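Q: Quick one: sequence and predicted model below, then my questions.
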Amino acid sequence: MAKQREYWVCGSCGGDHAKWQGQCAACGEWNTLEQVRGVAAAGGRGAARGAGGWAGETSRITALADVDLVDAPRIPSGFSELDRVLGGGLVPGSVLLIGGSPGAGKSTLLLQVSCGLAKDLGVLYVTGEESLQQIALRAQRLELPREALRLASETRVEAILAAAAAEKPRLLVVDSIQTLQTEAADGAPGGVTQVRESTARLVRFAKETGTIVVLVGHVNKEGGLAGPKVLEHMIDAFMMLEDASDSRFRTLRGHKNRFGAVNELGVFAMTDRGMREVANPSAIFLQRGEAPAAGSLVVVVWEGTRPLLVEVQALVDDGQGAHPRRVAVGVEGNRVAMLLAVLHRHAGLQLGDQDVFLNVVGGVRVAETGSDLAVLLALVSSFRDRALPQDLLAFGEVGLSGEVRPVSNGQERLREAAKHGFRRAICPLQNRPREGVEGLEVVGVRTLAEALDAAQF
Ligand code: TYD
Ligand code: MG
């Protein structure tokens, strides 16, 4: 048995400290340390210290070549968009954490998954947030099969584990991790100590029994997961269900996945019948007005394993205050600042006294650099108040010296654009396929200046 000890854990980064201090030495946050009594979580510094030296048993060592190469079996969740983000489906014995702000649809999605799988798999759905009646009513309203799903309203981890051990479900859903309480640690539910220790117990249960454990986690106002970041080290996969304000679309994005790629994006729509998958996301994000509008341009971004067409909108207007405003929704603010500097230096456009607003339509968050060129062209289009043709699209990364750099999967992006009826594309020269793309006139450019020429600015 490892020895019980007292230590302090940072609520923001999960760092261990031997004594209290005002600022976390690991991440620099103030006032985040919380006292913890118990066995240090696996992976923490305490765990290494607790391991007995030479006197103990030695671990069994295997040659890499001798390790079984059987792929982890996958269980389809019933939602191909969820399976896509999972990397093919649920993996037995794995722990998945789904984060998201309140109202994103986490409980709804998991209830739909649970009801769908209950008949074949054996599912235990534990809620610490809603009453059993609320869940039953929701299942009835969504017309989900209600016969096979087993429910419990419980927040004590020990009781949940005992119930799961008796019930032997192959899928255990716990909503949410912030409501859990374990006897093994002090502190209030939702605090670092409780969340961390409760998760550790559920992870151990998953590994020992081969049960799939799905945890729900809330995010705090900064957008991070409430509770310690150290959770992310314990679990196998972590994904966030993101909702843009006043949009019914939800994106599910992988942030960590031990069994697949992390950059996958799943798209759902919240309807009056619960969460529905959106099989062809490009089509919904592309609903545009009839007439071409200045400041609008479509970009093909690459999300995980597929292209996605989204519309970038820019509004450049005379500054209204002493400090011009820079607002970017769906694109990273720093990247926009950099692109504005590139625009000034390499295209001679001075936007220093202008308010600049950027928006990616549909609440999509574009994380890759392939949107640079489209952002710049949209900015210029708005600044000059000249609309770009509606059948034009652009993609490409733009460097600090005004060069346009190639991006991955150029040909697939162009083909997707052609499929959606686009007729002209401006893209990095290296991405221009030699044999061309049917129905699409592709202009390859090497610099921002060439791109502006191609767009006839
Ligand atoms: P919920 O799954 O409870 O969100 P979370 O668990 O992430 O907090 O979803 C709640 C929201 O979804 C709420 O604003 C109402 C809406 N909703 C629908 O629009 N349609 C539905 O069928 C359901 C069940 C919820
Ligand atoms: Mg909920």
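A: Alright, I've got the coordinates. Ligands and ions are numbered 1, 2, ... in the order given.
Q: C-alpha only now, for contacts and for neighbours.
A: Will do.
Q: What segments of the chain are helices?
A: Taking DSSP state H as the test, the helices found in the chain are 45-50, 80-86, 106-121, 132-141, 157-167, 192-209, 231-234, 281-285, 333-347, 372-383, 410-419, 448-454.
Q: quick one: contacts for Ser77?
A: Residues in contact with Ser77 (C-alpha atoms under 8 Å, 6 or more residues apart in numbering) are 83, 89-90, 113, 117.
Q: most surrounded residue in these?
A: Greatest neighbour count in the contacts of Ser77, by other C-alpha atoms under 10 Å, goes to Leu90: 23 neighbours.
Q: Just the pLDDT at that one, thanks.
A: For Leu90, the model assigns a pLDDT of 95.
Q: ok, back up a step: pipe the helices of the chain into a markdown table and attach distance to ligand 1 and mean pLDDT per row.
A: Output for the helices of the chain, formatted as a markdown table (distance: least, C-alpha to the nearest ligand atom, whole Å; pLDDT from 0 to 100):
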| stretch | distance to ligand 1 | mean pLDDT |
| --- | --- | --- |
| helix 45-50 | 34 | 43 |
| helix 80-86 | 15 | 93 |
| helix 106-121 | 4 | 95 |
| helix 132-141 | 6 | 96 |
| helix 157-167 | 20 | 96 |
| helix 192-209 | 18 | 92 |
| helix 231-234 | 19 | 86 |
| helix 281-285 | 18 | 78 |
| helix 333-347 | 27 | 95 |
| helix 372-383 | 31 | 96 |
| helix 410-419 | 31 | 92 |
| helix 448-454 | 42 | 95 |
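Q: which one of those has the most crowded surroundings?
A: Mean neighbours per residue, mean count of other C-alpha atoms under 10 Å, is largest over the helices of the chain for helix 372-383, with a mean of 26.
Q: what's the spacing between that one and its chain's center?
A: Chain-centre distance of helix 372-383: 26 Å, with C-alpha atoms, centre = their mean, to the nearest Å.
Q: Same check on stretch 19-37?
A: Centroid separation between stretch 19-37 and its chain, computed with C-alpha atoms, centre = their mean, is 27 Å.
Q: what comes up buried for that stretch?
A: Applying a neighbour-count criterion of 16 or more other C-alpha atoms under 10 Å, one finds 20, 24, 32-36 buried in stretch 19-37.
Q: Those residues in strands, which ones?
A: Judged by DSSP state E, the buried residues of stretch 19-37 include 33-36 as members of strands.
Q: Would you mind giving the residues you listed as TSV with pLDDT added?
A: Below are those laid out as TSV (pLDDT from 0 to 100):
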residue	pLDDT
Leu33	83
Glu34	81
Gln35	80
Val36	76
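Q: closest to ligand 1 among those residues?
A: Ligand 1 has its nearest neighbour among these in Glu34, at 26.8 Å by C-alpha to the nearest ligand atom.
Q: Show me what that closest one bridges to in the sheet.
A: Per DSSP bridges, the residues bridged to Glu34 are Val9.
Q: Pretty sure it sits against Arg196.
A: No. The criterion here is C-alpha atoms under 8 Å, and Glu34 misses it with Arg196 at 11.9 Å.
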